[in-house]
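Trainee: My questions concern the predicted model and sequence given below.
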Amino acid sequence: MRGVLTGFAVIAAVIATGYVIGRRGHLGPDGRQVLTRLAFHVAGPALLFTTLSRADLSVILSGRLLVTALSMAVAAGIFVAVGAALRWGVGRTTIGALCSGYVNAGNLGIPIAVYVLGDASLVAPVLLFQQIVVTPIALTVLDLSGQGDRVPLLRRLTTPLRNPMAVGSLSGVAVAATGWTVPGPVMAPLTLLGNMAVPAVLLAFGISLCGGSLPCRGGDRYAVALSAFLKSFVQPLVAWALAVGVFGLRGSAVLDTVVTSALPAAQNLFTYASRYRIAENLARESILLSTMASVPVLVVIAALLG
């Protein structure tokens, strides 16, 4: 328990540092974007590759992923049911459903997995599942609903191959599966690059907290509140019930699963909303609200299950 809370304290300290940097403008107006791109395109993939290439695949491909996937489906399904009943439209309901279940496994998932769960590889299966299964399905629904510009089928199917995080994860899994040992001169610079991922993400997150407006004030406030509630409270609760009551997980496996499910909505969902020009405010405010709520929720989860 003390180790878990220490991990959160470390994360909070770096986020606070990022907030101060943002308030003082030390990195300029584009500091957050530069740090985010550095983590997404370079440091994050390097960290996932170096971690997964030496990981035990039996742990990565365990029942924990199924628990997380089912909890995603439950949270998203509830939003879809409400959206259909209130006639929010296919595009808006799809974006809201994504915000209700699609976890931020890349940006916030990696540092939380490292400092709280002690293993960055624990978020890799969720990241791959979302990129390989969830994203193509959601984009297909948006295409068929006639929202925005249609995305070519080939581009949609190759989404995981164009995502640096997914590429880093898949490459690491491939190396672990073959049993090949990466030569030291190759692994050393990748490890050095990977060490930048966590601080870059947390500093960028701290900077993003500067000057943000409060959510739930526009026309989408009910959809925003519902999606954030499902993401922050319902999904981790469902994950806990499934892990303990259905799959019989115990100890750290339960903590890992519930913490992963309690991660906030992923920031790339706003990219999807912008691409299809649908429910952009819903995506932006829901992501912000679930991110704000995730901090106390994760602390409570650690206190109860850690």
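Mentor: Arrived safely, thanks for sending.
Trainee: Now the residue positioned nearest the centre of the chain: closest residue in space that isn't a chain neighbour?
Mentor: Compute the mean C-alpha point of the chain, and by CA atoms, centre = their mean the closest residue is residue 104, 1.1 Å away. Spatial nearest neighbour of residue 104, chain neighbours left out: residue 266 (4.3 Å); criterion: CB to CB, 6 or more residues apart in numbering. Any C-beta I mention is one placed from the backbone N, CA and C, and that applies to glycine too.
Trainee: The one you found touches residue 291, doesn't it?
Mentor: No. Using CB atoms under 8 Å, residue 266 is not in contact with residue 291; the gap is 10.0 Å.
Trainee: shared neighbours of those two, which are they?
Mentor: Shared contacts of residue 266 and residue 291 (CB atoms under 8 Å, 6 or more residues apart in numbering): residue 104.
Trainee: my read: the residue nearest to the centre of the chain touches residue 263, true?
Mentor: Yes. With contacts counted by CB under 8 Å, residue 104 reaches residue 263, the gap being 5.0 Å.
Trainee: Tell me which residues touch the residue nearest to the centre of the chain, please.
Mentor: With CB under 8 Å, 6+ apart, residue 104 has these contacts: 263-267, 291.
Trainee: okay, these in TSV with pLDDT, neighbour count and distance to residue 184 next?
Mentor: As requested, the contacts of residue 104 are exported to TSV (pLDDT from 0 to 100; neighbours: other CB atoms under 10 Å; distance: CB to CB, whole Å):
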residue	pLDDT	neighbour count	distance to residue 184
263	91	29	33
264	89	27	37
265	90	27	39
266	84	25	34
267	75	20	35
291	83	25	38
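Trainee: buried sites along the longest helix seen in the chain?
Mentor: Counting by DSSP state H, the longest helix found in the chain is helix 280-305. Buried residues in helix 280-305, counted by 16 or more other CB atoms under 10 Å: 280-294, 297-299, 301-302, 305.
Trainee: repeat for stretch 127-134
Mentor: 127-132, 134.
Trainee: okay, now residue 41: neighbour count?
Mentor: 14 (other CB atoms under 10 Å).
Trainee: pLDDT at it, what is it?
Mentor: With respect to pLDDT, residue 41 has a value of 86.
Trainee: my guess is it contacts residue 164, does it?
Mentor: Yes. Judged on CB under 8 Å, residue 41 makes contact with residue 164 at a distance of 5.0 Å.
Trainee: Could you identify the most distant pair in the contacts of residue 104?
Mentor: Spatial extent of those (CB to CB) is set by the pair 263 and 267 at 11.4 Å.
Trainee: who's in contact with residue 171?
Mentor: Counting by CB under 8 Å, 6+ apart, residue 171 has contacts 49, 52-53.
Trainee: Go through those residues and name the one nearest residue 140.
Mentor: residue 52 (28.1 Å).
Trainee: what's the neighbour count on the closest one?
Mentor: Residues near residue 52, counting by other CB under 10 Å, number 25.
Trainee: what's the closest non-adjacent residue to it?
Mentor: That would be residue 172: by CB to CB, 6+ apart, it lies 2.8 Å from residue 52.
Trainee: what element comes up after whatever helix or strand the one you found lives in heading to the C-terminus?
Mentor: Using DSSP states H and E, residue 172 sits in helix 164-178. Downstream of helix 164-178, the first helix or strand assigned by DSSP H and E is helix 184-194.
Trainee: Report the buried residues of that next one.
Mentor: Quick answer for helix 184-194 (16+ other CB under 10 Å): 187, 190-191, 193-194.
Trainee: Show me the two of these that sit farthest apart.
Mentor: Taking CB to CB, no two of the buried residues of helix 184-194 sit farther apart than 187 and 193, at 10.8 Å.
Trainee: Any regions of the stretch 1-150 of the chain where pLDDT drops low?
Mentor: The stretch 1-150 of the chain contains residues with pLDDT under 70 at 1-8, 59-62, 107, 146-150.
Trainee: Tell me, how many residues neighbour the nearest residue to residue 187 once chain neighbours are set aside?
Mentor: Spatial nearest neighbour of residue 187, excluding adjacent residues (CB to CB, 6+ apart): residue 50 at 6.4 Å. The number of residues packed around residue 50, counting by other CB under 10 Å, is 23.
Trainee: Check residue 227 too.
Mentor: 34.
Trainee: So it sits against residue 282, correct?
Mentor: Yes. Residue 227 is within contact range of residue 282, at 7.3 Å (criterion: CB under 8 Å).
Trainee: Find the residues that touch each one of these two.
Mentor: With CB under 8 Å, 6+ apart, residue 227 and residue 282 have common neighbours 96, 99.
Trainee: Around residue 178, count how many other residues there are.
Mentor: Neighbour tally, residue 178, other CB under 10 Å: 9.
Trainee: do you know how far it is from residue 258?
Mentor: As judged by CB to CB, to the nearest Å, residue 178 and residue 258 stand 32 Å apart.
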